[in-house]
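Trainee: Let me see the structure of the following:
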Amino acid sequence: MLRRYIQTPALPSAQPFSHPKDAPEVTPYSPPTADQLLAIRVNAGIEELAQTERFAHAEADLIEAIVEGVGQFAAGEFAPLNRIGDTEGARLENGVVRLPDGFKAAYDAYVEQGWNAIASPLAHGGQGLPFTLSCNVLENLGAANMAFNLLPMLSVGAIEALEHHGSKDQQAKYLPNLVSGKWSGTMNLTEPAAGSDVGALRSTAVPVTDGPHAGKYRITGQKIYITWGEHDLSDNIIHLVLARLPDAPEGTRGISLFLVPKYHVNDDGSLGARNDLKCVSLEHKLGINASPTCVMSYGDNGDCIGELVGHENKGLAAMFTMMNNARINVGNQGNQIAERATQQAMAYARDRVQSARAGSPDKSSVAIIEHPDVRRMLLRMKALTEGCRALLYYCAGQVDRGNLGDEAAKNRADIIVPLLKAWGTDIGVEVAGLGIQIHGGMGFVEETGAAQHWRDSRIAPIYEGTNGIQAADLVTRKLGIEGGEAMIALFDTIAREAAGEPTLAHLAQDCAAIARWMRDEASLDDRLAGSVPFCTMAAVAVAGWQLMKQAAAVAAGAAPSLSATKPVTVRFFLDRIVPEAAGLKAGAIAGADLLYALPAEALAG
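Mentor: I've put the predicted structure just below:
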């Protein structure tokens, strides 16, 4: 069935609408298909997954067609809207959020061609393919247009939450249209007084005992920072909202999850009346301007109706299913923006002519790509981007194996998620910043679009749990998996397999030693104080290991088009990035005493 979807986007001339003529010209998006396919095969191990009954239809030719097709779709449909989405942005008009011209047609094409359904369950209209391929769809869409891509990204998370925690009736009623993309989904956690401390939320849900909505709940409250909380691209929006039942316990133990549709859904599947919810304002943000970040108000008239998802007071566990998916996809965003910034910097460095090459007898000016420091920055951008991609697909492959019942792979994925989310998004910011540096003064003005990449990138280390929270998760809950042995086994494996790369092997050994120290000796404060440098060390170790596997595969004949570039970028990563990470060991084990040597008043005074 999927083959009918991959034919249209595989044709670069297939354009169902004309993009605005006055959109500023920027470097077009060129999908890195060869490198994506290499990562999918080597790091995710897609061929091994295709040997299982569940993923038997993930044949090599189908995988190639999907990766090539969605890349061309993203380049042709989403990428041309990236700049106008930034300059015009979403706007709130009479309670309706509207997007610039072109967004509606592009989203309709995305739905029509079936890209939203890649990894969703067959029973509800999905294609049932590996999560790995869903990551590739989002990678291409997000590299083309990060702000726009947040819409399908959140819908994918809502689908997973309902698949795991929704009732059979809820799945039958809501999943088919969510899977197709005809309806979109959101995640509603944050409130004005409840940010990272979700347990402080105060939205309420009161049971309805009579009337047409008996058995459901009246939802009241305000949520902030709700991505794509209101828009005119999909026919309905399915909000997953955290709220408290009457007399619920305080803190996270008293939170329940509710499904709150923008429009009520009738028993026959048709849309009914508008629910009592609205967007009251849009945030004015640094970046991702085409993504409407909404302040949502529920139940202003006392008639916002929602359905309980899962069990009472177990909402946070259900929401974390969606959040875990989102954290992987936000890590993916780091890779996405790094790829786009790298492509733009490469193009500028090839075209910008400035000064003669130092030491050259020819004093003619050359393209800046010929200057050593520009080469250093470009290679760093490329190596970091490819390392992030390798980590992404290794994580995705472990998720797929976990979904097949492999408990060790599930534990491995759980450990990798905070590494990917934190380091991946840090990489996105760094690479986008380097892109501005390569542009020089032209990077600091908006006309080139280089600044947009950095502005867009800066949200990713903040949302879906700040990177500090990811690092804290790594040294607490994730270190606790199998009493720490699951994490230590990962580093031991890297050290063993990297015997021919002593710097990488030494980094992995240091990571294992730090994990043991944190588990056996360090106080909680000491662990948290060293968590961020340790998280970076661990991520670089895993990424370097996976890049090493890519280099070996290319040397053996895989991806001939990468035979010249891959050995160089991997060498740069292993010789430059890995030693930098090794230097973070002192910070990882320094403890917390110095951090509290000054009282808060003296530190802030």
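
Trainee: So which bits of the helix ranked longest in the chain are buried?
Mentor: Secondary structure of the chain read by DSSP state H shows that its longest helix is helix 315-351. Neighbour-count burial for helix 315-351 flags 315-316, 318-319, 321-346, 348-349 (criterion: 16 or more other C-beta atoms under 10 Å). For every residue, glycine as well, the C-beta is placed using N, CA and C.

Trainee: by contact count, what packs against the helix or strand hosting A390?
Mentor: Secondary structure from DSSP states H and E places A390 in helix 372-403. Applying 3 or more C-beta pairs under 8 Å, 6 or more residues apart in numbering; DSSP states H and E, one finds that helix 372-403 contacts helix 33-42, helix 46-49, helix 131-144, helix 315-351, helix 407-439, helix 531-555, helix 565-572.

Trainee: So what's the gap between stretch 92-104 and the chain middle?
Mentor: Relative to its parent chain, stretch 92-104 has a centroid offset of 24 Å by C-alpha atoms, centre = their mean, to the nearest Å.

Trainee: re earlier: now the longest helix of the chain, how far from the chain's geometric center?
Mentor: 4 Å.

Trainee: That one vs helix 407-439, what angle?
Mentor: 40 degrees (axes from the mean of the first three to the mean of the last three C-alpha atoms, to 10 degrees).

Trainee: Please, where are all the strands along the stretch 201-350 of the chain?
Mentor: Under the criterion DSSP state E, counting those that start in this stretch, strands of the stretch 201-350 of the chain are mapped to 204-207, 217-227, 236-243, 256-261, 263-265, 271-274, 277-282, 293-298, 305-309.

Trainee: who wins for proximity to P533 among the ones you listed?
Mentor: When the strands of the stretch 201-350 of the chain are compared by C-beta to C-beta, strand 217-227 sits nearest P533, at 28.2 Å.

Trainee: What residues sit buried inside stretch 62-76?
Mentor: Result for stretch 62-76 [16+ other C-beta under 10 Å]: buried residues 62-63, 65-76.

Trainee: again with stretch 26-41
Mentor: 26-27, 29, 31-41.

Trainee: Also stretch 351-361?
Mentor: R352.

Trainee: ok, residues contacting that stretch?
Mentor: Residues from elsewhere that reach stretch 351-361, judged by C-beta atoms under 8 Å, 6 or more residues apart in numbering: 362-368, 370-372.

Trainee: now stretch 161-170, how far from the chain's geometric center?
Mentor: 23 Å.

Trainee: Quick check: mean pLDDT of that stretch?
Mentor: Average pLDDT, stretch 161-170: 96.

Trainee: same thing with stretch 332-341?
Mentor: Mean pLDDT, computed over stretch 332-341, is 98.

Trainee: Then stretch 505-524?
Mentor: Here the average pLDDT along stretch 505-524 is 98.

Trainee: just how off-centre is that stretch within its chain?
Mentor: Using C-alpha atoms, centre = their mean, the distance between the centre of stretch 505-524 and that of its chain works out at 28 Å.

Trainee: can you check stretch 462-473 too?
Mentor: For stretch 462-473, the distance to the chain centre is 13 Å (C-alpha atoms, centre = their mean).

Trainee: buried stuff in that stretch?
Mentor: So for stretch 462-473, counting by 16+ other C-beta under 10 Å, buried means 463-473.

Trainee: got a markdown table for the buried residues of stretch 62-76, with pLDDT and secondary structure too?
Mentor: Shown next, in a markdown table, are the buried residues of stretch 62-76 (pLDDT from 0 to 100; DSSP: H, G, I helix; E, B strand; the rest coil):
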| residue | pLDDT | secondary structure |
| --- | --- | --- |
| L62 | 97 | helix |
| I63 | 98 | helix |
| A65 | 98 | helix |
| I66 | 98 | helix |
| V67 | 98 | helix |
| E68 | 98 | helix |
| G69 | 98 | helix |
| V70 | 98 | helix |
| G71 | 98 | helix |
| Q72 | 98 | helix |
| F73 | 98 | helix |
| A74 | 98 | helix |
| A75 | 98 | helix |
| G76 | 98 | helix |
